[in-house]
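Asker: Quick one: sequence and predicted model below, then my questions.
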Amino acid sequence: MDRIELMATSAFGLEAVLARELRQLGYNDLTVENGKVSFTGDVLAIPRCNIWLRTADRLFIKAGQFPALTFEELFEGTRALPWDELIPEDAEFPVEGKSIKSKLFSVSDCQAIVKKAIVEKMKTKYKRSWFPEKGPRFKIQAALLNDIATISIDTSGAGLHKRGYRLKTGDAPLKETLAAAMILLSRWKPDRAFIDPFCGSGTLPIEAAMIGQNIAPGLNRVFAAQHWPALGKRCWINARQEAADLADHDQPLGIFGFDIDQSALELARYHAEQAGFKNLLAFQRQDIADLKSRYKYGYLIANPPYGERLSEKRPVVELYKSMGRILKNLDTWSFYILTSHQDFESIFGRRADKKRKLYNGRILVNYYQYFGPKPAVLEGPFSKPDSPGITET
């Protein structure tokens with residue numbers, strides 16, 4: 001496994017953000033497609049990408065790709081792949097599948113064919129007719145899209161959005177990967193104030209803190225590939241040490257989360273403590289109508305209610321109108337607002353400088369971006385490491 005073809009998946013609309021993350025990690029041989037970015041790397045790329053990627057859903061080893069219009073083509077294409085080099089004799093290798101716009105539309109049949117083909121290939125290597133599957137887990141994915149089969153191995157295990165700090169969830173939680181993407185798209189830097197006026201259980205402020213202090217999101221969690229004998233413990237130790245060395249825990253943060261729901265704020269404080277930011281993030285009960293800040297420049301990044309239910313539509317319209325009025329007072333700030341409401345700009349009272357289509361789960365949303373003026377001075381209020389903490393806005 002000197003050079004490996006890898007594939008990082010993401011929600012639709014985040015592929016370019018994910019590609020930028022990979023380039024920052026030093027992987028430049030990229031192919032960007034809908035919902036995924038393919039690239040090549042060495043063995044160390046598996047732990048490094050699992051530990052560092054903020055916007056990826058999972059990281060796969062791409063075993064092979066080939067046309068498959070019949071079950072025979074799927075079987076032969078899968079059997080031709082070097083399974084004896086990819087998974088050990090005692091491996092547990094369940095097969096998951098999906099099929100989109102393909103003649104082979106029965107997912108259960110495709111899974112069975114792929115499983116049988118892998119077994120047949122391993123029989124020729126290990127000279128046995130049965131495999132106990134009691135060893136490390138190698139979850140195989142068989143994905144068919146437009147009659148092209150992509151066979152891959154999941155290296156992540158649990159989805160990469162599971163950082164480990166959000167042990168409890170409130171209503172309609174924002175996925176950690178989307179929260180991180182919202183922040184990365186804003187180009188926020190930790191020397192600027194950050195406000196989330198609808199912070200809920202704290203995902204946006206916590207992801208901002210991790211980005212601000214350059215803390216790798218997967219530093220403290222376990223991945224499926226950690227148990228693979230071919231990788232060895234040393235590469236995981238090295239990757240974690242690299243991430244630990246690059247974390248900047250001395251970087252001051254000016255991150256504030258507000259919400260009108262006290263129980264949500266209690267969750268946010270609990271999650272912040274779990275993430276290691278107990279004394280670095282400020283959470284406060286406050287209505288958007290009372291929002292103000294003593295900082296001249298800053299970023300407001302928000303995921304407000306969408307009004308998806310009929311009973312919520314009128315209150316959400318009033319909320320967006322209130323936001324438009326209140327945020328006029330922060331005329332030197334930048335605003336980034338995620339919502340599915342198609343009339344947001346007219347209700348808010350201002351056209352966005354830029355908007356981007358994304359998906360929050362299965363909901364099509366727009367990310368409305370309003371750019372404030374550049375600060376007159378480069379140095380921000382949170383740029384000096386001699387400040388012990390933050391104060392309330």
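Answerer: Everything's here; your move. Residues are numbered from 1 along each chain as shown.
Asker: and the closest residue in space to Leu53 that isn't next to it in sequence, helix, strand or coil?
Answerer: Nearest residue to Leu53 in three dimensions, chain neighbours excluded: Glu21, at 5.7 Å (C-beta to C-beta, 6 or more residues apart in numbering). In this view, the C-beta of every residue, glycine as well, is placed from N, C-alpha and C. Taking DSSP: H, G, I helix; E, B strand; the rest coil as the rule, one finds Glu21 in the helix state.
Asker: Flag every buried residue along stretch 267-275.
Answerer: 267-272, 274-275 (16 or more other C-beta atoms under 10 Å).
Asker: Would you check that Leu246 makes contact with Ala239?
Answerer: No: Leu246 is beyond contact range of Ala239, at 11.1 Å (criterion: C-beta atoms under 8 Å).
Asker: between those two, who's got more neighbours?
Answerer: Each of Leu246 and Ala239 has its neighbours counted (other C-beta atoms under 10 Å); Ala239 has more, 22 against 12.
Asker: mind listing what's buried in the helix or strand containing that one?
Answerer: In this assignment (DSSP states H and E), Ala239 forms part of helix 233-246. For helix 233-246, burial by neighbour count (16+ other C-beta under 10 Å) applies to 235-236, 239-240, 243.
Asker: any idea of the mean pLDDT in that helix?
Answerer: Across helix 233-246, pLDDT averages out at 95.
Asker: hmm, who's touching that helix?
Answerer: 43-44, 46-48, 51-52, 214-216, 219, 226 (C-beta atoms under 8 Å, 6 or more residues apart in numbering).
Asker: Output the buried residues of stretch 267-275 in CSV; the columns should cover secondary structure.
Answerer: Compiled in CSV, those are given as follows (three-state DSSP):
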residue, secondary structure
Leu267, helix
Ala268, helix
Arg269, helix
Tyr270, helix
His271, helix
Ala272, helix
Gln274, helix
Ala275, coil
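Asker: from the residues you listed, which is closest to Cys199?
Answerer: Ala268 (5.6 Å; C-beta to C-beta).
Asker: Can you name the residues that contact Thr155?
Answerer: Thr155 touches 46, 50, 58-61, 223-225, counting by C-beta under 8 Å, 6+ apart.
Asker: Flag every buried residue along the top helix by length along the chain.
Answerer: As assigned by DSSP state H, the longest helix anywhere in the chain is helix 107-126. For helix 107-126, burial by neighbour count (16+ other C-beta under 10 Å) applies to 110-111, 113-115, 117-118, 121-122.
Asker: and what of stretch 44-62?
Answerer: So stretch 44-62, judged by 16+ other C-beta under 10 Å, has buried residues 45-62.
Asker: How is Gln369 assigned, secondary-structure-wise?
Answerer: Quick answer, by three-state DSSP: Gln369 is strand.
Asker: ok, it - contacts?
Answerer: 185-186, 334-336, 352-356.
Asker: For it, name its beta-bridge partners.
Answerer: Here Gln369 sits in beta bridges with Tyr336, Lys354, going by DSSP bridges.
Asker: Please report how far it lies from Val17.
Answerer: Distance, Gln369 to Val17, using C-beta to C-beta, to the nearest Å: 13 Å.
Asker: joint contacts of those two?
Answerer: Common neighbours of Gln369 and Val17 (C-beta under 8 Å, 6+ apart) are Leu185.
Asker: Using JSON lines, lay out the contacts of helix 233-246 together with secondary structure and distance to Ile206.
Answerer: Formatted as JSON lines, those follow (DSSP: H, G, I helix; E, B strand; the rest coil; distance: C-beta to C-beta, whole Å):
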{"residue": "Val43", "secondary structure": "coil", "distance to Ile206": "31"}
{"residue": "Leu44", "secondary structure": "coil", "distance to Ile206": "28"}
{"residue": "Ile46", "secondary structure": "helix", "distance to Ile206": "26"}
{"residue": "Pro47", "secondary structure": "helix", "distance to Ile206": "23"}
{"residue": "Arg48", "secondary structure": "helix", "distance to Ile206": "22"}
{"residue": "Ile51", "secondary structure": "helix", "distance to Ile206": "17"}
{"residue": "Trp52", "secondary structure": "helix", "distance to Ile206": "17"}
{"residue": "Asn214", "secondary structure": "coil", "distance to Ile206": "14"}
{"residue": "Ile215", "secondary structure": "coil", "distance to Ile206": "10"}
{"residue": "Ala216", "secondary structure": "coil", "distance to Ile206": "14"}
{"residue": "Leu219", "secondary structure": "coil", "distance to Ile206": "14"}
{"residue": "Gln226", "secondary structure": "helix", "distance to Ile206": "24"}
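Asker: What is the nearest of those to Ile151?
Answerer: Set against Ile151, the nearest of the contacts of helix 233-246 by C-beta to C-beta is Ile46 (17.3 Å).
Asker: what is the mean pLDDT for whichever strand or helix holds Ala63?
Answerer: Here Ala63 sits within strand 58-67, counting by DSSP H and E. Averaged over strand 58-67, pLDDT sits at 97.
Asker: Next: stretch 6-25.
Answerer: Mean predicted confidence for stretch 6-25 is 97.
Asker: neighbouring contacts of the helix-or-strand element of the chain with minimal mean pLDDT?
Answerer: Within the chain, no helix or strand scores below helix 83-86, which has a mean of 92 by mean pLDDT, DSSP states H and E. With C-beta under 8 Å, 6+ apart as the test, helix 83-86 has contacts from 1, 61, 63, 118, 121-122, 124-126, 138, 153.
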